[in-house]
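Okay, sequence plus prediction incoming.
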Amino acid sequence: LREFEEGAASLGAGFWQRFFQIVIPNAMPGILAGSLMVFTLSIGEFNLTWMLHTPLTKTLPVGLADSYASMRLEIGSAYTIVFFLMIIPLLMAMQWVAKPRKRKFVMEKRDSPATPTNPSALEPIAGGISSPDGAAARQPRSGTSLRLVNCAKTFADGTRALDAFNLDVQAGETVVILGPSGCGKTTLLRIIAGLESPDSGGRVFFGDEEVTEIPIEKRNVGMVFQSYALFPNMSVAENIAYGLKVRGTEAAKRTRRVAEMLEMMKIGELQNRRIDQLSGGQKQRVALARAIAVRPRVLLLDEPLTALDAKLRDLLRVEIDALLRSLGITAIYVTHDQAEAMALGDRIVVMNTARVAQVGAPREVYFQPKTRFVAEFIGTINRLTGHRRQGRLVLAGGSVPLPASLAVGEGGKENLELFFRPEHAVVAEAGQGHLRATVVASFFMGDRTRLIVEGAGEDYLTIETKGTHSFQKGQPVDVLIDPGALLSLDA
């Protein structure tokens with residue numbers, strides 16, 4: 001029920017609207033089951049008290065039974081109605097008590113990374129959900145800018161979920177929050193949404209408006225949850241219309257907007273279906289339509305493709321990219337999938353253990369990682385450990401010429417640890433490579449063959465070559481590395 005509540009809140013529903021329209025209908029099976037259990041148990045309790053009572057020791061159930069038996073219906077009915085009416089306030093009170101409260105924590109002073117550089121657009125990806133011609137290029141931007149200032153999060157048990165950092169997101173930009181499970185990326189998204197509050201000193205701005213203390217239902221955000229959080233008690237069309245309904249949109253306008261969303265997502269034939277009759281891909285489209293229908297200032301997506309199979313995930317990734325570009329909406333997309341991040345993001349925020357490791361355009365993060373973690377998390381990276389000698393890195397299997405920036409030693413330190421991507425090395429003709437190695441394993445991947453080789457240095461190296469070439473385990477190969485692609489990375 002919590003996810004349903006949060007889904008309704010993201011669409012603008014207030015506390016009482018969520019309680020009566022979402023909580024009660026979806027909790028009704030449990031309420032009825034509990035009522036039946038209580039009724040069954042009460043019969044046994046009543047029989048026991050009836051047998052044991054005396055004229056001087058009369059309990060409430062026995063008193064009610066006597067009232068009905070003596071035809072004093074007004075007294076018994078009054079008691080029954082009073083007790084029945086007490087149930088609803090009790091349920092409301094329980095819901096209010098369970099409502100999360102904002103907690104403030106004094107933020108530790110830590111150095112935060114500088115505001116990231118300007119965004120860089122990705123190359124166009126063809127296809128999409130009902131997108132106009134040329135949708136791969138962004139349309140005029142309709143979103144709002146987003147700014148986070150010193151945002152950190154410490155939970156009540158002292159767990160540091162997010163270290164303080166700053167981020168500026170331009171209007172209409174898609175920023176992908178990328179990192180392993182538990183790194184704080186969903187916490188960051190929930191702070192932007194208003195489902196979590198940052199520690200003391202943290203501030204969130206939509207455009208020039210500070211929204212730090214504004215609850216999610218008043219921030220005008222659209223949110224697509226990992227589980228989609230679609231309401232089971234409503235049809236597809238009713239789910240899409242819900243945000244418009246709670247905002248007081250006229251019925252005629254609401255109907256037109258729902259029709260637009262159904263057409264945009266190509267799900268018009270599903271409008272009267274129940275949520276449990278939809279496939280994973282259909283649920284994802286409905287969740288997107290519901291979030292976009294209210295014309296949010298910022299669209300937030302929390303790993304929406306995680307539960308889908310690989311082929312459907314690739315298809316919907318293309319559709320989401322085309323949709324975001326055609327709408328020009330500001331979007332924050334959370335994922336642990338590097339391919340999704342590279343395909344969808346104008347910029348990527350790479351996170352590791354509550355900290356932001358790097359912010360940059362996809363190409364920048366991939367080709368110019370700032371740390372070893374970023375390099376290893378995004379794609380495959382090879383490590384070379386050797387000695388610097390006369391402008392070359394000398395290893396067990398040969399030597400590699402160093403780029404000018406690394407050719408001269410600093411402070412007499414001759415040991416070097418450098419990195420390179422698999423695509424920056426090729427298998428050369430015998431005697432033409434920098435390093436001599438032996439094939440450990442060969443993996444045919446259709447358009448390319450991936451080799452794992454040993455003997456060139458301390459670690460195995462991963463090399464990619466054309467798919468038309470085949471290799472055998474134990475086969476000697478010469479490896480030629482692009483010296484300009486060698487990277488020196490911080491730990």
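Everything's here; your move.

Please make it C-alpha for all contacts and neighbour counts, starting now.
Noted.

which non-adjacent residue is nearest Ala164?
Computed as Cα to Cα, 6 or more residues apart in numbering, the closest residue to Ala164 that is not its neighbour in sequence is Ala152, at 4.2 Å.

I'd like the next helix or strand past whichever strand or helix holds that neighbour.
Using DSSP states H and E, Ala152 maps to strand 146-154. Sequence order places strand 160-169 as the next helix or strand after strand 146-154, per DSSP H and E.

That following strand - contacts with which helices or strands?
strand 146-154, helix 185-193, strand 355-360 (3 or more Cα pairs under 8 Å, 6 or more residues apart in numbering; DSSP states H and E).

just to revisit the earlier point, I'd like to know which elements the strand holding Ala152 is packed against.
strand 160-169, strand 203-206.

Dump these to JSON lines, plus mean pLDDT, mean neighbour count and distance to Asp302.
As requested, these are exported to JSON lines (pLDDT from 0 to 100; neighbours: other Cα atoms under 10 Å; distance: least, Cα to Cα, whole Å):
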{"stretch": "strand 160-169", "mean pLDDT": "93", "mean neighbour count": "20", "distance to Asp302": "17"}
{"stretch": "strand 203-206", "mean pLDDT": "96", "mean neighbour count": "21", "distance to Asp302": "19"}
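
Adding distance to Thr255, write these out as CSV.
Formatted as CSV, the helices and strands packed on strand 146-154 follow (distance: least, Cα to Cα, whole Å):
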stretch, distance to Thr255
strand 160-169, 33
strand 203-206, 29
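
Would you list the strands that the strand or helix carrying Leu299 pairs with, along with their directions?
In this assignment (DSSP H and E), Leu299 forms part of strand 298-302. Strand 298-302 has its sheet partners listed here by DSSP bridges as strand 221-224 (parallel), strand 330-335 (parallel).

deepest of those strands, which one?
strand 221-224 (a mean of 28; mean count of other Cα atoms under 10 Å).

what does it rub up against?
7, 10-11, 193, 287-288, 291-292, 294-302, 304 (Cα atoms under 8 Å, 6 or more residues apart in numbering).

that older thread, with mean pLDDT and distance to Phe205 as extra columns, can I get the strands paired with strand 298-302 in JSON lines?
Below are those laid out as JSON lines (pLDDT from 0 to 100; distance: least, Cα to Cα, whole Å):
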{"stretch": "strand 221-224", "mean pLDDT": "93", "distance to Phe205": "13"}
{"stretch": "strand 330-335", "mean pLDDT": "94", "distance to Phe205": "13"}
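
Using CSV, please lay out these together with distance to Ser442.
As requested, those are arranged in CSV below (distance: least, Cα to Cα, whole Å):
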stretch, distance to Ser442
strand 221-224, 40
strand 330-335, 30
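
okay, and the helix or strand of this protein with the least pLDDT?
Sorting the helices and strands of the chain by mean pLDDT, DSSP states H and E puts helix 60-69 at the bottom, at a mean of 64.

Please spell out the segments of this structure that come in under the pLDDT threshold.
43-80, 83-84, 88, 91, 94-142, 407-413, 491 (pLDDT under 70).

how about 80 then?
Within the chain, the stretches with pLDDT under 80 are 1, 38-143, 307-310, 405-414, 467, 490-491.

where does the spatially most central residue of the chain sit relative to Val224, distance-wise?
Centroid check for the chain by Cα atoms, centre = their mean gives Asp302 as the closest residue, at 2.4 Å. Per Cα to Cα, to the nearest Å, Asp302 is found 6 Å from Val224.

try Thr159
From Thr159 to Val224 the distance is 26 Å (Cα to Cα).

sorry, back to before: for the residue nearest to Ala164, what are its contacts?
Here Ala152 is in contact with 107, 161-165, 198-199, 202 (Cα under 8 Å, 6+ apart).

Including distance to Phe20, could these go into TSV?
Listed next are the contacts of Ala152 as TSV, based on distance: Cα to Cα, whole Å:
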residue	distance to Phe20
Met107	38
Ala161	33
Leu162	34
Asp163	38
Ala164	38
Phe165	39
Pro198	29
Asp199	32
Gly202	34
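
Pull the most distant pair out of those residues.
Ala161 and Gly202 (13.8 Å; Cα to Cα).

Alright, I will stop here.
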